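Engineer: Predicted model follows, preceded by the sequence.
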Amino acid sequence: MDQTILKSLLDAMPLPALLIARNRRISSSNNRALELIGHEMSGRHFTTALRQPAILEAIESCFSDGGQKKARYLSTEGAQDTVYVVYCRNVDIGAEDGVLVSFEDITHLEQADQIRRDFVANVSHELRTPLTSILGFIETLAGPASDDAKVTARFLNIMHKETRRMERLVNDLLSLGRVEAQERVRPNDVVDIEKCVELALSTLDTLIEDGQINVIREFTGNAMQVLGDEDQLQQVFINLVENAVKYGGKRRKIYISVAPLNYEPVLAGSAICISVRDEGPGIEQVHIPRLTERFYRVDTHRSREMGGTGLGLAIAKHVLNRHRGVLQIESAVGKGSEFRVKLPVGKMNGK
């Protein structure tokens, strides 16, 4: 077959592909393969271009006994490792016959699988700790401390706290699952943002009073509305205010503001900005990009002591994704933290 026609056929393929002739030399390749493996492959022995043993073995096997073989190919593009599944198959195109090799990028599948494994491992770890504690207390109460009223009362109190912690974890996992399932469905109810923030604050009245927190409201008093899911947005504000109360420190101030933005570059339009700022110890810059990851904690021990599950900001991120909004975090050690939610203001569909 004419090399120009063969090259056109390979270029029409959506995957990187090359043809290895019977003399074991690369007879043609498409542009995607050139970008992946390197230029000037034509005429080279395939072992000099494809150096990974698994691929070399698959190609030789095709030459030997025919059929279709598969192998994995690992590539590094900058700091990103890329994984391909390589398909090798005997072809006969007129005068051109040999092995057609194509590369399918499965990096996203590998990453999703790793995320799933990490998620299962994290959940198992988070549940194992309180379960181990409760089991130990039960064994002690059933044995040596069975007649000790003080020890029994103390252990029951700890068991109650650990059980509540597991309950919060399960509830957050269920919330996260629901939010992820709805992430691509745009909400269409009209939500009054200032009212939604006030409802979140009223839910946390007891926590705020116990921490002797002075909440400074900076509201406009005007009706500012967005299209959204009120329950989910309220959960976002509860999570942010609860974090500010817990980690900002007792007898401190929390500043909560709601303000319109005529134009927000990130959202390419008008928006409403809800800010929650505390006077706490602040967060080192290295942690900020990872705060919305599941189970990521700046201080693991302190977070668990305060009843945190490590899922609050992950839930907030997914809720805001559904609302086409963004979460911006600013913090410096010794200067407190500010979490800003920005929601787009769209048409209210006549409501």
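Structural biologist: Looks like it arrived, so ask away. Numbers count the residues shown, from 1 in each chain.

Engineer: quick one: the closest residue to I238 other than its chain neighbours and E209, what's the gap?
Structural biologist: Closest residue in space to I238, ignoring its immediate chain neighbours: A200 at 4.6 Å, by C-beta to C-beta, 6 or more residues apart in numbering. C-beta: built from backbone N, CA, C; applies to glycine. Taking C-beta to C-beta, to the nearest Å as the measure, A200 and E209 are separated by 15 Å.

Engineer: Kindly report the same for G221.
Structural biologist: Distance of G221 to E209, computed by C-beta to C-beta: 25 Å.

Engineer: returning to that earlier point: between A200 and E209, tell me which one has more neighbours.
Structural biologist: Taking A200 and E209 together and counting by other C-beta atoms under 10 Å, A200 has the greater number of neighbours (22 against 9).

Engineer: List the contacts of the more buried one.
Structural biologist: If you count contacts by C-beta atoms under 8 Å, 6 or more residues apart in numbering, A200 has them with 234, 237-238, 241.

Engineer: Those in helices, which ones?
Structural biologist: The helices in this structure, assigned by DSSP state H, contain 234, 237-238, 241 from the contacts of A200.

Engineer: now the contacts of A200 as JSON lines including neighbour count, pLDDT and distance to V326?
Structural biologist: Listed next are the contacts of A200 as JSON lines, based on neighbours: other C-beta atoms under 10 Å; pLDDT from 0 to 100; distance: C-beta to C-beta, whole Å:
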{"residue": "Q234", "neighbour count": "20", "pLDDT": "94", "distance to V326": "18"}
{"residue": "F237", "neighbour count": "25", "pLDDT": "96", "distance to V326": "15"}
{"residue": "I238", "neighbour count": "19", "pLDDT": "94", "distance to V326": "19"}
{"residue": "V241", "neighbour count": "25", "pLDDT": "94", "distance to V326": "18"}
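
Engineer: which strand is the longest one in the protein?
Structural biologist: Taking DSSP state E as the criterion, the chain has its longest strand at strand 80-93.

Engineer: For that strand, buried residues please.
Structural biologist: Within strand 80-93, the residues that qualify as buried by neighbour count (16 or more other C-beta atoms under 10 Å) are 82-84, 86-88.

Engineer: again with stretch 134-149
Structural biologist: Quick answer for stretch 134-149 (16+ other C-beta under 10 Å): 134, 137, 141, 145.

Engineer: which strands and helices sit next to the strand or helix carrying F103?
Structural biologist: With the criterion set as DSSP states H and E, the secondary-structure element containing F103 is strand 96-105. Other helices and strands packing on strand 96-105, by 3 or more C-beta pairs under 8 Å, 6 or more residues apart in numbering; DSSP states H and E, are strand 17-21, strand 26-29, helix 31-37, helix 53-65, strand 80-93.

Engineer: coming back round to it: can you name the element that comes right after the helix or strand hosting the residue nearest to I238?
Structural biologist: The secondary structure element spanning A200 is helix 193-203 (assigned by DSSP H and E). Per DSSP H and E, the first helix or strand lying C-terminal to helix 193-203 is helix 205-210.

Engineer: quick one: buried residues of that next one?
Structural biologist: Judged by neighbour count using 16+ other C-beta under 10 Å, the buried positions of helix 205-210 are I208.

Engineer: What's the mean pLDDT across it?
Structural biologist: In this model, helix 205-210 has a mean pLDDT of 91.

Engineer: Next secondary structure after it?
Structural biologist: Elements were assigned by DSSP H and E; along the chain past helix 205-210, the next helix or strand is strand 214-218.

Engineer: Helices of the stretch 201-350 of the chain, start to end?
Structural biologist: For the stretch 201-350 of the chain, applying DSSP state H, counting those that start in this stretch gives helices covering 205-210, 230-248, 300-305, 312-322.

Engineer: centroid residue for this protein?
Structural biologist: Nearest to the mean C-alpha position of the chain, by C-alpha atoms, centre = their mean, lies E293 at 5.3 Å.

Engineer: so where's the longest helix in this protein?
Structural biologist: When every helix of the chain is counted residue by residue (DSSP H), the longest turns out to be helix 107-142.

Engineer: so what's D229 up against?
Structural biologist: 182, 187, 189, 191, 319, 322-323.

Engineer: So which helix or strand of the chain has the lowest pLDDT on average?
Structural biologist: Counting by mean pLDDT, DSSP states H and E, the weakest-scoring helix or strand in the chain turns out to be helix 300-305, with a mean of 62.

Engineer: Just give the number of residues close to S8.
Structural biologist: The number of residues near S8, taken as other C-beta under 10 Å, comes to 12.

Engineer: ah, wrong one, I meant R290
Structural biologist: Each residue near R290 was counted by other C-beta under 10 Å, and the total is 11.

Engineer: Could you check what's spatially nearest to it, not counting adjacent residues?
Structural biologist: In this structure, R290 finds its nearest non-sequential neighbour in Y296, 4.9 Å apart by C-beta to C-beta, 6+ apart.

Engineer: can you pull the contacts of the residue nearest to the centre of the chain?
Structural biologist: E293 neighbours (C-beta under 8 Å, 6+ apart): A314.
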